[in-house]
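Novice: Sequence and predicted structure below; questions after.
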Amino acid sequence: MERMTVGSGRGMRLAIGLGILAAAFGPSVADRGLLEGSADIRPSTGIIANGDLRTDRPCAGLSPTMESVESMERSQYFRLYLPNWEAADSETLEASWRCAAGSVELDYSTGIRVVEDVNSLTDPVSVYRNLAAQDPNTTSVGTVHGLPAMLIDPLAIPNEGARGVVGLVEPSGTLVLVEGNGRIPLVTLILVAQSLEPR
């Protein structure tokens, strides 16, 4: 089983069905594609050297290809969702990447990254609850965009390296993760997630 990295500063063991969910916490994941079974998630080390997500390599450095959103939406096998809020919109979009494992990453000049992939979690809410039970100081389950969502607050435990994440599964079957850079408050990530619009 591959090792995945989480930036919350807490080691934990949990069963997950999709590597991208854990990959959102750190780029040292060997693959952002599908995984099965349980994974040992350990604290990250130096993933975001200065707290700026843009110093992080897209697609965990695994063969990213820069591609326009328009091109990706024509050839993607899952529906793309784009945020439309001031912290992440068409004006602040810096780069869009297609990853070798099939996921898509959108990088915004504000330090926000949106990661999307086809969902393979049988019960996303159970996965979110398991994560929250194992790290209740930073992780909770809520409702965002009218959907159950995983919420990871980067400011709950300062200086622990958590980026902040809002994760949800759209009705079309697209898993969407709105990631911060460790300094962006959770409320901002929630507002970005609430602004998601299908393409």
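Specialist: Great, that's in hand. A quick note: this is a predicted structure, and the numbers were derived from the prediction, not measured.
Novice: any idea which helix or strand comes after the helix or strand where L175 lies?
Specialist: Assigned by DSSP states H and E, L175 belongs to strand 174-179. Per DSSP H and E, the first helix or strand lying C-terminal to strand 174-179 is helix 186-194.
Novice: so that following helix versus strand 174-179, what angle?
Specialist: The directions of helix 186-194 and strand 174-179 differ by 150 degrees, with axes from the mean of the first three to the mean of the last three CA atoms, to 10 degrees as the criterion.
Novice: Helix 186-194: which residues count as buried?
Specialist: Buried residues in helix 186-194, defined by neighbour count with 16 or more other CB atoms under 10 Å: L186, T188, L189, I190, L191, V192, A193, Q194. No exception for glycine: its C-beta is placed from N, CA and C like everyone else's.
Novice: Just the closest of these to L155, please.
Specialist: Using CB to CB, L186 comes nearest to L155 of these, at 7.1 Å.
Novice: Contacts only, for that closest one.
Specialist: By CB atoms under 8 Å, 6 or more residues apart in numbering, the residues touching L186 are L151, I152, D153, P154, L155, G164, V166, G180.
Novice: Pipe these into a markdown table and attach secondary structure, neighbour count and pLDDT per row.
Specialist: Listed next are these as a markdown table, based on DSSP: H, G, I helix; E, B strand; the rest coil; neighbours: other CB atoms under 10 Å; pLDDT from 0 to 100:
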| residue | secondary structure | neighbour count | pLDDT |
| --- | --- | --- | --- |
| L151 | strand | 24 | 96 |
| I152 | strand | 28 | 94 |
| D153 | coil | 19 | 93 |
| P154 | coil | 25 | 91 |
| L155 | coil | 16 | 88 |
| G164 | coil | 28 | 93 |
| V166 | strand | 27 | 97 |
| G180 | coil | 27 | 94 |
